[in-house]
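A.B. asks: Build me a model from this:
(chains A and B)
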Number of protein chains: 2
Amino acid sequence: MSYQAPLKEIRFALEQAELTAVCALPGYEDCNVELTDAILDEAAKFAEGVLDPINRAGDKGNVWADYAVTTAEGFSEAYAQFRDSGWGGLRAPQAFGGQGLPALVAMATEEMWCASNLSFSLAPLLTLGAIEALAHHADAELQAVYLPNMCAGIWTGTMNLTEPQAGSDLAQVKTRAVPADDGSYLITGQKIFITWGEHDMADNIVHLVLARLPDAPAGVKGISLFVVPKFLVNADGSLGARNDARCVSIEHKLGIHGSPTAVMSFGDEGGAVGYLVGEANKGLSYMFTMMNHARLGVAVEGMAISERAYQQAVDYARDRVQSRELGSPNPAPAAIIRHPDVRRMLMTMRAQIEAQRLLTYLAGATLDRASHHPVAAEKARNQALVNFLIPIVKGWNTEQANEITSLGVQVHGGMGFIEETGAAQYYRDARITSIYEGTTGIQAMDLIGRKLASENGATARALLEAVKGDAARLDALGAPFAATRAHLEAGVAAAEACVDYVLANFATAPQGPAAGSVPFLKLMGILLGGWQLARAALVVDAQRQNADADTAFIDAKQITARFFGEHLLPQVPGLAAAITGGADSALALDDAAF
Amino acid sequence: MSYQAPLKEIRFALEQAELTAVCALPGYEDCNVELTDAILDEAAKFAEGVLDPINRAGDKGNVWADYAVTTAEGFSEAYAQFRDSGWGGLRAPQAFGGQGLPALVAMATEEMWCASNLSFSLAPLLTLGAIEALAHHADAELQAVYLPNMCAGIWTGTMNLTEPQAGSDLAQVKTRAVPADDGSYLITGQKIFITWGEHDMADNIVHLVLARLPDAPAGVKGISLFVVPKFLVNADGSLGARNDARCVSIEHKLGIHGSPTAVMSFGDEGGAVGYLVGEANKGLSYMFTMMNHARLGVAVEGMAISERAYQQAVDYARDRVQSRELGSPNPAPAAIIRHPDVRRMLMTMRAQIEAQRLLTYLAGATLDRASHHPVAAEKARNQALVNFLIPIVKGWNTEQANEITSLGVQVHGGMGFIEETGAAQYYRDARITSIYEGTTGIQAMDLIGRKLASENGATARALLEAVKGDAARLDALGAPFAATRAHLEAGVAAAEACVDYVLANFATAPQGPAAGSVPFLKLMGILLGGWQLARAALVVDAQRQNADADTAFIDAKQITARFFGEHLLPQVPGLAAAITGGADSALALDDAAF
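C.D. replies: So this is what the prediction gives:
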């Protein structure tokens, strides 16, 4: 079936994330709810009409030959339309031709790109990351040469971090950069896992490459960032010679087959010409600048591919007729959406997706406040909050994407295992999201270390207080929400115990908190997701009185919030028990005994 | 890396399942521990030396052309060796040339086939199912024609149940059988998802086909079972004419690519010759006869593919060096097996696999007691117990296989997403196990309906009492097991509440229990798995005093049991809350609102 952008849900999430207030921030004055509405309508058309129809073709993969990659059928044409429509520059800086819209608004369009065609969506996502790095850290000359074409989507960008021996541990980067006489550098080395590292959709590809200068200190403090274009750029802006940077192969992957993952070789013929971005040896900190955006982008991917899988599962469950309805006098076979376990699966998908959207959009709005709030204290508070939320949504959305797309397969029964059905593609595509841009383990260590312990739990405690306050407000919704309130409150207490445990142990014996870090990340995802849906249940309840109230929407939102409260929130105390009491058994086994 | 049969773990599980007592059952006198040991050693060699090396080749898939299937490189040769070694007849009836060994012993070899090459293992598994159906229900003439060659592995067997409109709901079967003058029948219809429905590994393929006679009643009471051979068999036993039964295509699947999944067309040229098995209109009950074996076989598959993924993940985690060890003064990068979250992932895999092996082998031993126990009351008690255990191990092992093989991918980081690594194949292969032979939803309804409600919870309550008793015995292991004991006891209480809930509601309003049926199945899997590991911890503790005690094994088993107790058992109360309190929110959403 074809993708239908869930515009009502997206608008609801934007409202709960306070879009109006975000648009009122200094620098975002050109944006407003009406403009956003218009953008969403157009984005939905593009996702449904252009990106979705080529998603299956993308699954057939790309062809590599002679260092060039021919993308799947329709991708080049779709990218040309994407570029010409200006979608790539939505949140790129206005100074270089972008539209400078809030991250929150761009995120809503990105959800649709990811859901309709995850492979395709990675090309503009990576380009935006490269734009951000250059906009923040490159000198004016480099910016002038590269940013306008990148913001216009004429050139795409890549991130070249990973090497065979340097994955999560960038201290091991070996790629070398040697100064040339003209102020440029000659880059030599091999990079792997380079998303959209080579393709035929754009005139030029701007590689951002981490490398070491000859005199660089060892470890992460000796890594510098370079621009290495596929084609050198002449003084007049026209394209010059082919650079000594080549895609020597592409990977045969489990999923996202439409997105070429390149092995890049720099300097096979003496050295690829590169240009230093900012100062020497600061490459890693420059990478950190864009990490929040990139990780939030992957959080959106996880949620979006889950939404896609949900839509397909619902469609199948409505159509597929099999077995009589349980407890019904009618002996005729019923659509399987009538079967209780199928409903449970669909509700499990739906409830998590809605919670993830609310929490992820909240993170997006918080990112905008962190960058644009006029009051320094609020700016700082929001920065701390978004720093805390990002590993949670990145980790939780993507881990659950594996489970949710698996449920999507399961709803299809045997047909789910047949590739033609399409459900399996989402399952395969989703699998990368909990790995790249930092595995869930990396996110979880970031959460308990850099985010929780380093500020002594301040943001976590403030968030838990907010959850507690909203849990109490659920009383207004009466008996149907009593269990949800109880599970929220038990969840807060369990989370507090975990925060105390992490803070008490992280400085002296970090192995224990580290062993519970992923369960803690999931715990926070579930608890904060349940909180956001509880808030949604309160918000829609207030709308019941309206003359034009959308009762079906209100009912659905409240039922979904209760499902989350009654089926998912109860997992929290069990996770807490493992976190606070399970470190020893997790760590005790002798290496040789595995 | 290559597969290493976990013989020590397998022998431990056989002992805990009381192999000696099983071998003492009437009819199994030819079996004993020494013979089993010898069989296991040879099976390990075969799995490691023959089946494992062709597993990756199988992933490249089979080729269909002109109604024939050419299997992947090495499969035909491996099958010839398998056949000549007599592996296929291990638990086939002695009357027809099989060895008549206990299911428990055969299961241990089958674990190795499944782990080393899941696709391959399905050919003998399906053949055994067909053997069992014919041995129980066919007349002597049919048995004499087909069983000797099937038990010898010279011919393979298939199960033809599913049709496009008849998946879980076999009442919808449309394939027709018309009596011919000579006592045979002419079969016409299409069957899908026929595992090993066509291939080049055996001289003949014996299809067991569900079809309707002209005067058959509607629904499941009008289905008959037929033997439809690929080649007709002459009076002298030689192969005759090609039957009108053809594989018209094979499916492009997510996994188990080495196993051809056929679309079978019967009667395109007038009717395939078939022979009625047993009595008319009893086909479905005949299928039920072999369902326990088949479902237990898939339970083994889930556990086995998880073991394979675990071995590969451990191997990678030992080799891959990345990032310094947390809390260590040594700044050099360490093998990732030293990182707490990697250990948590490996322990999560390991603990579940060990628990599943113990519980699944217990089910195997119980199946043997149910079929061979000399005391009628014990026979009946064991039949009820195995009936109860089978949906649990089939559902739980296979659902967890998805999670465990996913953890296997995750341990590999980015390399896990690259197909060459191999981790992704296990993830894809595992995905079918929670779908075929009855989805988890079907298992769960079987569990709460036919197994729990129909006997008013007798077996469940007896099992929970046993768990309670062993939990109390954990006191002997002191403080390290205090948390495990507490979580086991809390788990029993939670399970009792669920049993009460199901029994109170199943007759009058089955939708509620049905909505919680899969969570209940998982809850029972976790609780009984934790129980089996707790028993193991007690068993090994008694061995500590022995002069030749394998201390490393004992320590590992106890640490693994504690990990299960502290990380997995705490999930039980949360599942119970969803089961007993979540039916309304699972069922309330309007169909149109999905």
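A.B. asks: Name the residues of the stretch 151-300 of chain A found near chain B, please.
C.D. replies: Applying CB under 8 Å from any CB of the partner chain, we find that the stretch 151-300 of chain A lies next to chain B at A:162, A:165, A:167-169, A:171-172, A:192-193, A:251-255. To be clear about C-beta, it is placed using only N, CA and C from the backbone, and glycine gets the same treatment.
A.B. asks: Repeat the analysis, applying 7 Å as the threshold.
C.D. replies: A:162, A:167, A:168, A:169, A:172, A:193, A:251, A:252, A:253, A:254 (CB under 7 Å from any CB of the partner chain).
A.B. asks: Pipe those into JSON lines and attach neighbour count per row.
C.D. replies: Shown next, in JSON lines, are those (neighbours: other CB atoms under 10 Å in any protein chain shown):
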{"residue": "A:162", "neighbour count": "20"}
{"residue": "A:167", "neighbour count": "23"}
{"residue": "A:168", "neighbour count": "18"}
{"residue": "A:169", "neighbour count": "18"}
{"residue": "A:172", "neighbour count": "18"}
{"residue": "A:193", "neighbour count": "26"}
{"residue": "A:251", "neighbour count": "20"}
{"residue": "A:252", "neighbour count": "12"}
{"residue": "A:253", "neighbour count": "22"}
{"residue": "A:254", "neighbour count": "23"}
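A.B. asks: Please report the distance of the residue nearest to residue A:387 when sequence neighbours are not counted from chain B.
C.D. replies: The shortest distance from residue A:387 to any non-neighbouring residue, by CB to CB, 6 or more residues apart in numbering or on different chains, is to residue A:451 (5.5 Å). To chain B, residue A:451 is 16 Å away according to CB to the nearest CB, to the nearest Å.
A.B. asks: ok, and what's touching stretch A:517-525?
C.D. replies: The contact list for stretch A:517-525, computed with CB atoms under 7 Å, 6 or more residues apart in numbering or on different chains, reads A:391-392, A:395-396, A:399, A:440-441, A:443-445, A:447-448, A:495, A:498, A:502, A:572, A:575-576, A:578-579, B:341, B:344.
A.B. asks: no no, stretch A:305-325
C.D. replies: Residues contacting stretch A:305-325 (CB under 7 Å, 6+ apart): A:1, A:3-4, A:6, A:114-115, A:118, A:330-339, A:342, A:346, A:349-350, A:353, A:400-401, A:404-405, A:408, A:411-412, A:422-423, A:426, A:429-430, B:167-169, B:594.
A.B. asks: at 6 Å instead, please
C.D. replies: A:1, A:115, A:118, A:331, A:333-338, A:342, A:349, A:353, A:401, A:404-405, A:408, A:411-412, A:423, A:426, A:429-430, B:167-169, B:594 (CB atoms under 6 Å, 6 or more residues apart in numbering or on different chains).
A.B. asks: Sitting in helices, which of these do you find?
C.D. replies: A:115, A:118, A:342, A:349, A:353, A:401, A:404-405, A:408, A:411, A:423, A:426, A:429-430 (DSSP state H).
A.B. asks: farthest pair in those?
C.D. replies: A:118 and A:342 (25.3 Å; CB to CB).
A.B. asks: pLDDT of the top strand by length along chain A, averaged?
C.D. replies: The longest strand of chain A (DSSP state E) is strand A:185-195. Per-residue pLDDT over strand A:185-195 has a mean of 98.
A.B. asks: Okay, buried residues for stretch A:131-138 please.
C.D. replies: Neighbour-count burial for stretch A:131-138 flags A:131, A:132, A:133, A:134, A:135, A:137, A:138 (criterion: 16 or more other CB atoms under 10 Å in any protein chain shown).
A.B. asks: Let me know the secondary structure of the residue lying closest to the second one once chain neighbours are set aside.
C.D. replies: This points to residue A:132. Among residues not flanking residue A:132 along the chain, residue A:290 sits closest, at 4.5 Å (CB to CB, 6+ apart). At residue A:290, secondary structure determined by DSSP: H, G, I helix; E, B strand; the rest coil is helix.
A.B. asks: what sits against residue A:290?
C.D. replies: A:129, A:132, A:133.
A.B. asks: and these, which of them are in strands?
C.D. replies: Judged by DSSP E, these include no members of strands.
A.B. asks: just to confirm, which helix or strand has the residue most central in space within chain A in it?
C.D. replies: Centroid check for chain A by CA atoms, centre = their mean gives residue A:298 as the closest residue, at 1.7 Å. Residue A:298 is part of helix A:283-319, with elements assigned from DSSP states H and E.
A.B. asks: what's downstream of that helix, the next helix or strand?
C.D. replies: strand A:321-324.
A.B. asks: tell me the average confidence for that next one?
C.D. replies: 96.
A.B. asks: ok, residue A:118 and residue A:342, which is more surrounded?
C.D. replies: The residue with more neighbours, out of residue A:118 and residue A:342, is residue A:118; 28 against 25, by other CB atoms under 10 Å in any protein chain shown.
A.B. asks: In contact with the more buried one, which residues are there?
C.D. replies: By CB under 6 Å, 6+ apart, the neighbours of residue A:118 are A:256, A:305, A:429.
A.B. asks: before we move on, the earlier item: tell me the one of the buried residues of stretch A:131-138 nearest chain B?
C.D. replies: residue A:133 (20.8 Å; CB to the nearest CB).
A.B. asks: sorry, back to before: gap between the residue nearest to the centre of chain A and residue A:433?
C.D. replies: 6 Å (CB to CB, to the nearest Å).
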